[in-house]
Structures are given as structure tokens and as C-alpha cells.
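# Starting from these lines, generate the structure:
(chains A, B and C)
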Amino acid sequence: MKGWMGRFKSLFLLGTLALILSGCGKENLTALVPKGYGAEASMNLIILSTIIMLFVFFIVILIYVIVLIRFRKKKGQEDYIPKQVEGNKTLETVWTLIPIILVLILAVPTVAATFDLADESGSNDGLNIDVTGNQYWWHFNYEGEEIQTSQDIYIPTGEKVYLHMLSSDVIHSFWVPSISGKMDVNPENVNTMYIEAYEEGVYWGKCAELCGPSHSLMDFKVIAVSPEEFDQWVEDMQNVDPDSESLDTVAQDGRDLFEANNCMGCHAIGSSPAQVGPNLTNFGDRSEVAGILEYNKENIVDWLVDPESIKPGNKMTGNYPALSEEEAGSIADYLMQLQPSEITPESAGN
Amino acid sequence: MSIAATQKRGFGAVLWDYLTTVDHKKIAHLYLFGGGFFFLLGGLEAMIIRIQLIKPENDFISAGLYNEMITMHGTTMIFLAAMPLLLGLMNAVMPLQIGARDVAFPFLNALGFWLFLFGGVILNCSWFLGGAPDAGWTSYAPLSLQSPGHGVDFYVLGLQISGAGTLIGGINFLVTIVTMRGPGMTYMRMPLFSWTTFVTSTLILFAFPALTVGLFLLMFDRMFGSAFFDVALGGNTVIWQHLFWIFGHPEVYILILPAFGLFSDIISTFSKKRLFGYTAMVFATILIAFLGFMVWAHHMFTVGLGPVANSIFAIATMAIAVPTGIKIFNWLATMWGGSITINSAMLWTLGFVPTFTIGGMTGVMLASAVADYQYHDTYFVVAHFHYVIVGGTLFGILAGLHYWWPKMFGRILHEGMGKMAFWIFLVGFHLTFFIQHFLGLMGMPRRYWVFLENQGLDTGNLISTIGAFLMAIAVIIFFINIVYTATKGEKAPADPWDGRTLEWSIPSPPPYYNFKQLPLVRGLDPLWIEKTEGKGKMTPAEPVGDIHMPNGSIIPFVMSLGFFIAGFGFIYQTDHRGWLVVLFGGMAISLGSMLVRSLKDDHGYHITKEELEREAD
Amino acid sequence: MSHDHSLNPATMPEEPEKATLEGKNKFLGLWFFLGGETVLFASLFGTYLALKNSTAGGPSTTDLFGLELVFLMTMLLLTSSLTSVYAMYHMKNNDFKKMQLWLGITALLGIGFLACEIYEFAHYINDYGFTFRSSAFGSAFYTLVGFHGGHVVFGLSWLIALMVRNAKRGLNLYNAPKYYTFSLYWHFIDVVWVFIFTVVYLMGKVG
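Take a look at the predicted model:
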């Protein structure tokens, strides 16, 4: 008996230790520290259901331990034959009714929250963004604002933002754990959900539906800024004129290469709705390269030279002329200077 | 034809015997070996997955190969390991428990096995023929349509063929239980394992056709240019999800109910007590099965079905907690006041109770739709279903194997190794999966080939992988135990556990006709009744007489082989029309065997009274 | 089974109760099988209903369906169900010849039904260019109706095999359950067709 208890104890100790070590996960990624409306609604139910379930678990384990201590076969009583009990109506009724009550306690707030999170009545007056899921990147079109972005989505804090989501290929799932639960991005029908961030910050988003080899690399960011900053950002983005930006000589070379290699065949700069590949209007402000790599020139060059080594199965590989490191460097310089706004992930407190 | 005689025969004779057998006990052996083989394969895939995830941004295997691993791990474990192992136990035990000499359709029983085996082999051939399926075991369209190569085609054909086998097996058990229960064995006297076999077979019967249709649609889209899931031509990919989960959720209960049944029998036997609340247990089983068909959309809370559908399915799902809770408390009440023997079989059972309770609890948590928006498709879900499928089904299979091994093979599994395997596995299991609940909530979606550095996921994944290695060690010990037992194991008496049900009233292993004279059943736990109130052994319900037995046949094997060949024809005719020859050739073999079976009369044979008396004791 | 008792005692095997158990098993097994088939067709109907308006610009149900032909097909299949009932009636009276005769008529009606169905499909393909690959609706239509047609083909093969195999040896306890289960299967096919007639053709023509 001792060995048995001891093993369980060490197991729990090890588990708890691991939890303390890793805490609740990385802030602005983990669902355990909710910072938005949907995540909070989910967290409330997670906590409620956990409490109810721990209560049940405690009772089960209590009976279980008593049974194992008191009713093991005893030395010298090998031939003891216990009373053959058929059942007990009262007991059985009790352990049918109590779970029913517990389930009801959980069911009512669940239904309330389900309808609350599906309420789209505010979308007429609110900010509406069309989200397109692609293998393996995200595109965002701000309805009525003539703004297109990819990978980084800017939203104002303290406001419900309505996302209308459709996939261009396979099913994806839009998930920003710290702000909101997920919703699938289907190819045949638009799904609408709203998100609201309470605090400024850069939140990690992930694709949560298997979508191919690079499913695990389809990260994106939600950049929540104050409403004033958001208005500023909108204005800056609307005033982008990709042809009139002042560029240094290396970047000028990069721009020529960008055009010579027909990158514009897939990528747009400005508010053109073309979206075979990510929109690059504010590429200079991106928080990450390809959604997953640290933002620096080296990583951009690596991507431009061999995207397959970074995101297996992506649609860019093989669809443009091979680039030398040098050429890629020039293009990277050009792209890094595409910074239409002062409002950036850094200013949002990355 | 005693065991000693079997051992003296040559390998060829034994092989032929198993290829042509229609004896449910030998088919059980086949299911156990087939299922055991695929279990090892699925376990190997699991280890590769865990090694890949041992550290952030690992490159142990490529992204494409990783997706093949997760797909094959899930598909193999569910369709080719868990279910066949359970079907094996059902075949071995259920007819004995209800006092039957045979199953209703011995021929179909064999056919069911061979279809399963050939289906599994087709699926795994994909590894050597250009790559395994990589769209997940759920194979959601349109990813499964877009998947290059033939991987998903192998998935479709493999599951279609093995699924047909399972369906046939289910019908066989249903009819067996309805028409072939022994004298006095009323429905409400059946041991719980036989009851759950009955209910599970019903689930198989009503759930598998939905998968059949789903697989046909996917097959037509991939191979014959139809447009069910082609959005450009008006197709709808959500149809696949509905069909898959209309099958898929009952499938979960197909996996867990037999385990519930055998735990009930084991707890009752080793507590030396009658099962507490037998009637409630039976009705809880039926209720779980019934509700199991009404909750499929809880796998689809994030699909966008709307708040009404989500609420209904959330409540229906929570409702399942009630009958499941009844079962847990009835097991505890059975042990309460008993005289509990703890051996390997009982250890797996005792390990099951808290483990499965956790799995059930997280199940209710997942049912809360809005909370599920966070859990869905993360490691929380991975943890949940491993707690129920490993903690429930696999613990159940292992408990059942330890419990019935003496009956099936005439030898008792080694206790020391049994206990050692249990403890290592239990610790490894909780290490692997408990932490995954938190990994999921900390932002790790499932089916992730890599997780990134500095996202707080490193420690959890490392612990998880360490646990997986412990589980692998335990499984190896278990298999060593099997080999040891087969060669040096202790010979088993007819009734090694002081059993309560009919299977313990006949020799271990039982003669091929099971019961020389059918026993008269006087109540629940018939053998126990005779031990405490009667002569200590079953009273025959009939005089010794001729016993009618079915003939063995190679046709089930040939017919399945035909479908196997036709499967390759289907898969490769998209590349070259010449493969149509293979397709039609295979179908001709199968339909031809079917015709031969129909046209040739097979009346079986009789064991005469004299032979029985000569063989007696 | 009641029909077993009406058989000529001379053809009975030595242990009739065991033969009866096999018959009983076959009968029950087929019922269970039909339960599974119900789910199969329910899934196909569900798929069809979800996709019937997804014509992708191609012909729709109202363009395609002509009720005259479908009505004829319905009559053929309903009548064949009736003739198989007559056949079972004669089986219970142990009148093997009449049973075979009515089963023969059943088979002919079934073949007539199939001929109409082939004509119907050819008509859609040739005159409307409406195929299995045209649209999701096309795929769903041909799959649902085609699965039913496939069941008819299988039923006919089963029936013909039974009739030819037993033509010379008459009725006995071994083959009687086979005939009986066939007739059950045939009724099931008929019931499915009634649903197809209603859900696909009538509802498709009306709206």
C-alpha cells in the first residue's frame, strides 16, 4: 500500500513542479491569462467546470481510497465471503440526481455564453474585417477602409471587432488564445466572430485546424493599440503611396529587382485586393518574418532564397526566379523600408 | 484435438488451420495477434511523434512525414488496434459467457477478421508506396482531397474494407446474443461484458454505415471526379465532418463500452461480490449508447453551426456524464464491503477508475461549448481522449487479457511482470498526458509538427516525451511476459480466479465445442450460485448428445484477398487505366467466392456422442 | 419460422430444430443488416438534401425530372414487391413451382426497372450534359439513386442465383430461409425507392 501511495505522490509532485516551472505559459499567448472578451468568457466556464469536476473527483477518490484501505482481502480470512448486495435504491438515486444538478449548474451559463459570443448585432456600427485563411498565412481586409494587411492585424482596444472569415483553400482555424477562443475558417461559408482586447499588446495567433505540412508555422499576430493610435494607423495606411517613398540606393536596387522578378504578380503593396501572396504594404513594421522568425534582414534573406526550408509546402517556392543572397539582400532592404506608420508592434508594447 | 495434439502438428498444418478456421476462439487468437501487431506499429508511430516534440523546433522528422505519423498513429490505434483487440476478447469470451457452443455466423465471423486484416495491411502498404495518408485520422476535406500522392486513397480503401469486416462482426454478435443464449440465460442474467458486447454491436451496426458513405464520397471525389467537397462546383466540406462524426462519436463508445463491461466482471470477481446495481448498469450502458448518437456535433463547436446547435449538443453531451457517473459509483459500491484481491487484472482495473474519472471530467469540461472554443484542437483535447481511450479502453484490454488469458491459452500470465508493467505504464501515462491539458491551454494546438522556442511549452513537452518512453518500456515488458508465459507459464486450471460466470465452468482452454452439455443457468453469476447454493458445478440442461459444428473454410480468406487486390486496382486506376484489370480481377475473386459460398451447400458436421465421451476429461 | 412447419416432412433433415436455428439466425441477421442499410441510405439522403440546390449553374431538379418515367419505375418496383409476396405465400404452401414462377416475374419487373433507370441516366447525360461530375448536385443525385440501383442489381443477382441453384431440387429447410431473406431485402429496396421517389423526384419537381 505504501509503495502505491508513494508512487502517486511522486507523480503529483513531479507534475506540480513542472507546472510551477512553466507557469501559466507565455503571456499574450496562453489562454490561462485571458486578456480579451472571448477568452474571459471561456475562462469563466473553464474555472466553473473545473471546480465542479474537482468536487466530483474528490468524492470518487475519497470512496476509492477508503475501499482500498478497508476492503482488501485480509490475512486469515481467505475464505470470507462478503454479503452479496444487489443494490440500493436510495444510494443509486442520490448518485443519479446529484450529477444531474451539477450538469445543470454548468449548462445554464454555457448556453448563455454561447449565445452571447454568437451575437453579431453590433457589427453594423463596429469595425469589420474580412479574414482570409491561406496556406500558410493570413490576410486581412478592413471593410470600407481600403486597407489590406497580412499576418499582422491591428485592432483598437476596448472595442468589439467583427471578423468575417473565409478560407481560400483548406479549412483553417483562427485562434488568439489570450483574446478569444477559436473559430474555423471554412472554404464555403463565411463564419463571423468578434474579438475584443482589453489591453494594448501584441498577441500570438495560431492556426488550429490541420491544414498541411506547415500547419504549425501559420502563426499571426493581433496588435491591439489604443483607439487613437488605431485611427492614426488607419490614416497612415490609407495614405500609402508605394511609388513616392524615399529610399536609399540599396533599397532602390531592391525595388528594381522586386519589379524585375514580377513579385507584384502575387504580392500587393497598397490597398490592391490582390492576395495570391501576403500584402506587403507595411512589411517594414512586421513583428515576425513569415509569422514565426525573428524580424531581421538575415531571416528575410533566408526566406527569399529558400522559403521551402522555412515553411514546407508553401505556395511561393518555385514560383519566382532563383535569387542570389545578394539580390535577396537588396530586396530585403527594400521591404524593410516599407514603414507607412509610426504605429508598430513595438509601440504596442511587444 | 486437444492442445497437445495441436502443438505436435507442423507449422503448415497450424497455418492452414488458422487460415480456414471458423471457431470463434481461434478467430479471437487471430484478432489478438493482428490487433497486437498493429498496436506495436501504432506505438512506434507514437514514439516517433514524441521524439519529434522532445524539444522546440526539432527536425527529427520532416513536416510531411510528421503529418503521416499522426494520421497513421490515430487511424491504426483506433481501427486496427483497439477495436480488433476488443473484438478478439468478445470472440473469446462472449459465447462462453452466454452458454453458446458457437456464434450465429461462424463463416461471417472469419470473414470479418480477414477483411479487417487485409484492410489494415492495405492501409500500411502506403508506407512503402509513396507515403502514408497525411490529412489526420479525421481526414477532413478539402485537405484530404488536396493531399498529393495516394496516401489518402490507401486510407479510404483500407478503412472501407476493414470497416466492412467490423460491421459483419457486429451483426454476428447481435444475432448470437439474441438467438443463442443457453438454457436459462435470460437477458437480465447476462454478464456485463456480454451486455456491453451486445450494445457495442448495435453501435457498430448503426454507426459504421455513416463512415462507409463518407468514405465513398471521399473516394468518388478523389478517384472519379465527383464534387461533393469541391466548393467551386457547389460542394460542401462540412458534410464530411458531419458524416465522420456521426460515425466517430459512437465509435468512441464502441471503444469504451466493452471495457466498462469487462471491468464490471473483473471487479465483481475479485471483490467476491455480486455487481452492485446490475440493472442500473445495464440501463446506463444502453443510455450511453443512445445518447452517443445525439452528440456528434460537439466535435464541431468551432465549425460555425450557430449558438442553437452548439447549445443543444453541449447539453446532450453533458447528459452523458450522468449514466457514466452511475457506473463509476456502482463499481465503487461493488468493491465496498467486498474482499478485494489485487492482482494484475485488478490493478489495471483499479488504475482505470481514477484515470477514467479524469478523462470523463475533462469530457464534461469540453462539452461546455464556449470553454471548448479554447480547448478545441489543442493538446487539451489530445490529453482528454488519451485519458479515455488509453485509460479506459487500453487499460480495459490489458485487464481483460490478464483476466482471460488463462481461459484463452491455458496459461496464467506472470504476475510479477504484470504488476511491473502496470506501475511503469501508469506513471508513464500520467506523465505523458496530464501535462498536455496545460500545454493545450498554454497555446499549443494539436497536430503541430514543431512548437516554437520561448513560448513556455518546452518543459511540458519534455516531460510528456519522458512519460512516453516509460509507457514504451511497460509495453515491452508486457510482450516479454506473453512470450515467457507461452513457453514457461504456469498451467491454468479451469477456474483460476474463483469466477462467477459460465466461462469458468469449462476447461482452460475450452474444447472446440465449448460445452459438452449446455449448462442450466439459474440466475445472475450462474457459477457462483452453484458454488454457494448448489453442487459447486453447473448442472447440465441436456443429456450428452451429438453436437453440430460448422466446417472450416478458406473462402473468407480468399474473398478478403480479392477485395485487397481490387483495392489496389481502385487506387492505381487513376494513374493508368490498365489497373482496371486488377480492379475487376480482384472483384471477380471476391464475388466469385461469394457465389461459391452461396451455391455450395455446407451443412457442417456432427461430433457424435461416442466421440464426446471418448474425449471427456 | 412458420413456413418451416408447412414444408414436406420428407425433405426435413434429421434435426429440424438446429436447421431452424440457422434459418432464424439468417432471418434476424438480415433484419439487423437492413438496420445498418437504413443508416447508409439516411446518410446518402442527408447528403443529397444538403447539395440538391448546388447546381453550379448546371441543370436543376425542375429542369431535369420527368415524373412519367419515374412513375412507371415506381409501379414496376412496387409490383415486384407484391409478386415476391405471392412467391413467399407459395413457399409457405410448399408449392415450389408457383414460387419460382412468381419470383421469375419479380426478376423481370426488377430488370424492367433497371432498364428504365439506365434510360433515365442516359437521357440526363446525353440531352442535358448532366453527369456525375457536373456539380455537387450531380454527384449527390447519381450517388443516391445509383446506390439504390446497385442494390437492385445485387438483389437480382441474388435472386437469379437462388432460382437457378434450386431449380431442380425444390424447397427444403436449408434453402427456404435464403428465399425468405431475399424477399425481405427486396422489400427494403422497394421502401428505399418510395423515399427516393418522394424526396428526390416529387420534392424536386415541386420546388
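# okay, which residue is most central for chain B?
Centroid-nearest residue in chain B, with Cα atoms, centre = their mean: residue B:83, separated by 1.7 Å.
# I'd like to know how many residues surround residue 67.
As the question left the chain open, I've gone with chain A. 22 (other Cβ atoms under 10 Å in any protein chain shown). Glycine gets a C-beta too; all of them are placed from N, C-alpha and C.
# actually it's chain C I care about, not the one you picked
13.
# What of residue A:83?
Using other Cβ under 10 Å, residue A:83 has 8 neighbouring residues.
# distance of the closest residue in space to it that isn't next to it in sequence from chain C?
Excluding its sequence neighbours, the residue lying closest to residue A:83 (Cβ to Cβ, 6 or more residues apart in numbering or on different chains) is residue B:337, at 6.6 Å. Distance of residue B:337 to chain C, given as Cβ to the nearest Cβ, to the nearest Å: 41 Å.
# three-state assignment of residue B:337?
Of the three states, residue B:337 takes coil under DSSP: H, G, I helix; E, B strand; the rest coil.
# what's the pLDDT at it?
Reported pLDDT at residue B:337 in the predicted model: 92.
# from what I can see it touches residue A:80, true?
No - counting by Cβ atoms under 8 Å, residue B:337 sits too far from residue A:80 to count as a contact (11.1 Å).
# Looking at these two, which is more packed in?
residue B:337 (16 against 11).
# how much space between that one and residue B:279?
Taking Cβ to Cβ, to the nearest Å as the measure, residue B:337 falls 19 Å from residue B:279.
# And for residue C:123?
59 Å.
# what do you get for residue B:454?
As judged by Cβ to Cβ, residue B:454 and residue B:279 stand 57 Å apart.
# ok, those two, which is more surrounded?
Neighbour count, other Cβ under 10 Å: between residue B:454 and residue B:279, residue B:279 has more, with 13 against 9.
# Are we agreed that that one is in a strand?
No - read with three-state DSSP, residue B:279 is helix and lies in no strand.
# can you pull the contacts of it?
Contacts of residue B:279 were listed using Cβ atoms under 8 Å, 6 or more residues apart in numbering or on different chains, and they are A:87, B:188.
# what does residue A:173 give?
Counting by Cβ under 8 Å, 6+ apart, residue A:173 makes contact with A:182, A:183, A:184, A:185, A:207, A:208, A:209, B:302, B:376, B:377, B:445.
# Can you read off the pLDDT for it?
On the pLDDT scale, residue A:173 is placed at 97.
# Distance check, it against residue A:313.
Applying Cβ to Cβ, the value for residue A:173 to residue A:313 is 18 Å.
# and if you look at residue B:437?
In terms of Cβ to Cβ, residue B:437 sits 30 Å off from residue A:313.
# Equivalent analysis for residue C:94, please.
69 Å.
# quick one, which of those two is more surrounded?
It is residue A:313, of residue C:94 and residue A:313, that has more neighbours when counted by other Cβ under 10 Å, with 18 against 15.
# name the element the more buried one belongs to?
Remark: residue A:313 resides in no helix or strand, with elements defined by DSSP states H and E.
# backbone phi and psi for it, please?
When read as degrees, to the nearest 10, the backbone of residue A:313 gives phi 80, psi 10.
# Now it: closest residue in space, sequence neighbours ignored.
residue A:213 (3.9 Å).
# For the one you found, the count of nearby residues, please.
Residue A:213 has 21 neighbours, counted by other Cβ under 10 Å.
# Contacts only, for it.
Under the criterion of Cβ under 8 Å, 6+ apart, the neighbours of residue A:213 are A:312, A:313, B:62, B:63, B:64, B:66, B:67, B:134, B:449.
# Find me the pLDDT at it, would you?
Looking at residue A:213, its pLDDT stands at 95.
# low-scoring pLDDT stretches of the chain, where are they?
I went with chain A, as the question did not name one. A:1-22, A:242-245, A:349-350 (pLDDT under 70).
# my bad, chain B
Residue ranges of chain B with pLDDT under 70: B:1-8, B:616-617.
# which phi and psi does the residue of it found nearest chain A have?
Using Cβ to the nearest Cβ, the closest approach of chain B to chain A is made by residue B:373 at 2.3 Å. With angles defined as degrees, to the nearest 10, residue B:373 sits at phi -60, psi -30.
# can you pull the contacts of it?
Going by Cβ under 8 Å, 6+ apart, residue B:373 touches A:38, A:42, A:117, A:180, A:181, A:182, A:183, B:301, B:302.
# likewise residue B:499?
Residues counted as contacts of residue B:499 (Cβ under 8 Å, 6+ apart) are B:269, B:527, B:528.
# The closest residue to the second one other than its chain neighbours and residue B:187, how far apart?
Nearest-residue entry for residue B:527: residue B:505, 5.0 Å, with adjacent residues in sequence omitted and distances by Cβ to Cβ, 6+ apart. Taking Cβ to Cβ as the measure, residue B:505 and residue B:187 are separated by 20 Å.
# Tell me which of these two has more neighbours.
Ranked by neighbour count (other Cβ under 10 Å), residue B:505 and residue B:187 place residue B:505 first, with 20 against 13.
# thought that one was touching residue B:494?
Yes - using Cβ under 8 Å, residue B:505 is in contact with residue B:494, at 7.2 Å.
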